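Asks: After the sequence you'll find the predicted model.
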Amino acid sequence: MKHIWKLLALLLIVGCANVEKNAYRTLGVLGATENTAVRIFKDFDKTGQATDAQEAIIRDTHEKFSRCYIVAVDALAEYHNAKVKDRSWLDSAIEAVQSSWKDVTNLILTFLPPDKSAKLKEAIGK
């Protein structure tokens with residue numbers, strides 16, 4: 001939660017800086033859609049249809065996504081505060097978040113039954 005507030009504070013500071021604004025928006029969308037995917041899986045899990053192995057895989061990939069997300073938010077903050085704007089680290093951090101997002105959402109899509117999978121695809125725009 002702390003990182004969400006940090007991200008929101010950065011948005012207020014960023015103003016019109018395109019690189020920072022695009023990074024903020026990308027992270028916001030990825031974070032929101034990943035949370036939606038995990039929530040839909042948890043709802044499915046409450047029905048007792050998910051296996052322990054599926055739960056463990058989703059938990060592990062969600063934790064990986066969360067770590068990547070935190071690093072990317074920190075990279076955005078560092079980019080914002082840097083005197084010399086080198087965006088290579090920020091770009092790499094965002095690419096890691098995007099890759100991790102794909103891992104989580106694709107795994108969840110393979111575990112869900114077709115009706116839940118369709119609901120998730122609609123929710124995250126896949």
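Replies: That came through fine.
Asks: for residue 27, what are its contacts?
Replies: Contacts here follow CB atoms under 8 Å, 6 or more residues apart in numbering; on that basis residue 27 touches 7, 69, 72-73, 76, 94, 97. (Each C-beta comes from the backbone N, C-alpha and C, glycine too.)
Asks: In strands, which of those residues appear?
Replies: In this view, the contacts of residue 27 have no member that belongs to strands under DSSP state E.
Asks: and these as TSV, adding neighbour count?
Replies: Below are the contacts of residue 27 laid out as TSV (neighbours: other CB atoms under 10 Å):
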residue	neighbour count
7	19
69	23
72	28
73	23
76	25
94	22
97	26
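Asks: Which member of those residues is positioned nearest residue 19?
Replies: Of all the contacts of residue 27, the one with the least separation from residue 19 (CB to CB) is residue 76, at 9.3 Å.
Asks: Helix or strand for the nearest residue to the closest one once chain neighbours are set aside, just tell me which one.
Replies: Ranked by CB to CB, 6 or more residues apart in numbering and with sequence neighbours excluded, the top spatial neighbour of residue 76 is residue 23, at 5.0 Å. Counting by DSSP states H and E, the element that carries residue 23 is helix 18-46.
Asks: surely residue 26 meets residue 94?
Replies: Yes. Assessed by CB atoms under 8 Å, residue 26 is found in contact with residue 94 at 5.8 Å.
Asks: picking up where we left off before, in the helix holding residue 23, what's buried?
Replies: Judged by neighbour count (16 or more other CB atoms under 10 Å), helix 18-46 contains these buried residues: 20, 23-24, 26-27, 30-31, 33-34, 36-38, 40-41, 44-45.
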